[in-house]
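predicted coordinates and the sequence they were generated for:
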Amino acid sequence: MIRPAQPTDAPAIARLIVLAMGKLAAKFANSNNGQKQLALFERFITLTGNQYSYNNILVWDEAGEICGMIIAYDGAKLDELRKPFLQYITTQLGFTGQPEDETQPGEYYIDCLAVDAAHQGKGIAKKLIKALFERAARLNHQTVGLLVSKGNDKAKKLYTNLGFEAKGDKALLGGVHEHLQYRLN
């Protein structure tokens with residue numbers, strides 16, 4: 001079942017964020033220590049007013065187990081939502097990067113999507129994306145966007161099969177990603 005995330009879901013969601021982000025999670029935490037990465041995201045999931053807040057997350061809950069999640073927010077609010085996270089990782093964790101803008105006004109942006117490995121292949125990601133389309137439409141958005149890492153053909157196929165179209169490339173912290181968008185009806 002898909003439902004809005006709650007602060008108590010933070011440990012399970014953090015695990016999925018780290019799974020989805022891979023090396024990017026290590027960059028943000030300024031550490032290869034998985035526990036430090038999890039702690040960072042658990043902290044911000046439980047707070048409001050940031051891009052990783054539970055307020056921006058839908059989860060797939062199967063008998064009380066969080067098996068998948070999707071994080072999305074209004075691209076016009078990127079700077080506002082990113083600011084507390086960047087301030088914390090810079091002052092507390094020694095992060096020195098300056099992330100490029102991954103979204104822009106006029107786009108409801110999918111920041112992160114992940115499904116636990118034991119539950120992949122069941123259509124959970126597609127259902128989360130479709131639920132997100134409904135949320136975006138209720139919030140009067142016309143376009144949903146995301147970045148997919150170059151070479152992640154499996155993810156790109158998922159998105160293009162749902163109707164996302166390539167809009168060009170975007171750099172993000174040393175990586176090159178394809179910018180995809182979906183036009184809501």
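Arrived safely, thanks for sending. Numbering: from 1, shown residues only.

tell me the buried residues in the helix or strand bottoming out on mean pLDDT in the chain?
In the chain, no helix or strand scores lower on mean pLDDT, DSSP states H and E than strand 165-172, which sits at a mean of 87. Within strand 165-172, the residues that count as buried by 16 or more other C-beta atoms under 10 Å are Lys170. (Glycine included, C-beta is placed from N, CA and C.)

who touches the helix or strand following that strand?
Per DSSP states H and E, the first helix or strand lying C-terminal to strand 165-172 is strand 175-183. Residues from elsewhere that reach strand 175-183 (C-beta atoms under 8 Å, 6 or more residues apart in numbering): 24, 102, 107, 133, 142-150, 156, 159-160, 162-171.

buried subset of the residues you listed?
The neighbour count (16+ other C-beta under 10 Å) marks 24, 102, 107, 133, 143-149, 156, 159, 164, 170 as buried among those.

does Tyr73 count as helix, strand or coil?
Here Tyr73 is strand, with the state taken from DSSP: H, G, I helix; E, B strand; the rest coil.

ugh, typo on my part, it should be Ala14
At Ala14, secondary structure determined by three-state DSSP is helix.

let me know how buried it is, in neighbour terms.
Applying the criterion other C-beta atoms under 10 Å, we find 23 residues in the vicinity of Ala14.

and stretch 125-137, how far from the chain's centre?
Once both centres are worked out by C-alpha atoms, centre = their mean, to the nearest Å, stretch 125-137 turns out to sit 13 Å from its chain's centre.

for the chain, which residue occupies the most central location?
Cys112 (1.7 Å; C-alpha atoms, centre = their mean).

now it: closest residue in space, sequence neighbours ignored.
Spatial nearest neighbour of Cys112, excluding adjacent residues (C-beta to C-beta, 6 or more residues apart in numbering): Ile71 at 4.3 Å.

one more: Thr96?
Leaving out its chain neighbours, the residue that sits closest to Thr96 by C-beta to C-beta, 6+ apart is Thr90, at 7.4 Å.

secondary structure element for the residue nearest to the centre of the chain?
When secondary structure is defined using DSSP H and E, the element that contains Cys112 is strand 108-115.

tell me the mean pLDDT for that strand?
What strand 108-115 shows for mean pLDDT is 96.

quick check: Asn30 vs Gly163, distance?
37 Å (C-beta to C-beta, to the nearest Å).

again with Asp169
Here the distance between Asp169 and Gly163 works out to 20 Å (C-beta to C-beta).

Ile2: which of the buried ones among the contacts of strand 175-183 is nearest?
Phe133 (11.9 Å; C-beta to C-beta).

quick check, pLDDT for that closest one.
Per-residue pLDDT puts Phe133 at 97.
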